[in-house]
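>>> Generate a structure from the sequence data that follows.
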Amino acid sequence: MIRRPVVFDTNVVVSALLFGGAATRRLRQLWREGDCTPLVCAFSAAELLRVLAYPKFKLTVAEQEELLGDYLPFARIVKIPDPAPAVPACRDPHDMPFLHLAAASGATLVTGDADLLVLAADCSFPIIGIEAFMANLPIR
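The predicted model follows:
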């Protein structure tokens with residue numbers, strides 16, 4: 001069992017909540033059953049709220065709340081210290097809070113974002129792609 005803290009970037013969470021493929025259903029099952037504990041901070045929670053409200057998803061407020069209710073209750077809130085832990089600079093400044101969250105908690109950062117994946121060798125915590133994360137799960 002994984003049973004370890006994981007930082008999922010927003011795209012990973014949105015894919016798991018909105019798209020019904022086998023891999024994303026498995027990811028939701030993982031956090032529901034406690035096989036991993038998603039970590040969130042004020043920024044990542046706000047980012048998730050903002051993205052779920054994108055017009056392209058055509059979600060009502062009630063649908064957004066329902067999706068959040070299938071994620072946030074399983075997550076643990078982490079306060080990023082001030083000053084934030086040192087992490088390598090990222091091309092996209094909006095990705096920095098995910099790096100800070102993983103660094104502050106010592107968690108694995110799971111992402112599909114190439115801007116984050118290229119930093120893996122320079123970080124004190126693991127950064128892996130969603131495919132690698134899913135490939136290393138126990139078979140049920």
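
>>> Low-confidence stretches in this structure?
Residues of the chain meeting the criterion pLDDT under 70: 1-3, 137-140.

>>> which residue ranges form the helices in it?
Assigned by DSSP state H, the helices in the chain fall at 10-18, 22-32, 42-52, 61-69, 96-105, 114-117, 130-135.

>>> Which neighbouring elements make contact with the fifth one?
This means helix 96-105. Under the contact criterion of 3 or more CB pairs under 8 Å, 6 or more residues apart in numbering; DSSP states H and E, helix 96-105 touches strand 4-8, strand 36-40, helix 42-52, strand 108-111. For the C-beta atoms, the positions are set from N, CA and C on the backbone; glycine is no exception.

>>> angle of that helix against strand 4-8?
170 degrees (axes from the mean of the first three to the mean of the last three CA atoms, to 10 degrees).

>>> swap in the first one?
Direction vectors for helix 10-18 and strand 4-8, defined by the same axes, to 10 degrees, enclose an angle of 100 degrees.

>>> Report the buried residues of helix 10-18.
Neighbour counts over helix 10-18 (16 or more other CB atoms under 10 Å) mark Thr10, Val12, Val13, Val14, Ser15, Ala16, Leu17 as buried.

>>> quick one: Leu48 from Val118, how far?
Separation of Leu48 from Val118 (CB to CB, to the nearest Å): 23 Å.

>>> With Asp95 instead?
For Asp95, the distance to Val118 (CB to CB) stands at 11 Å.
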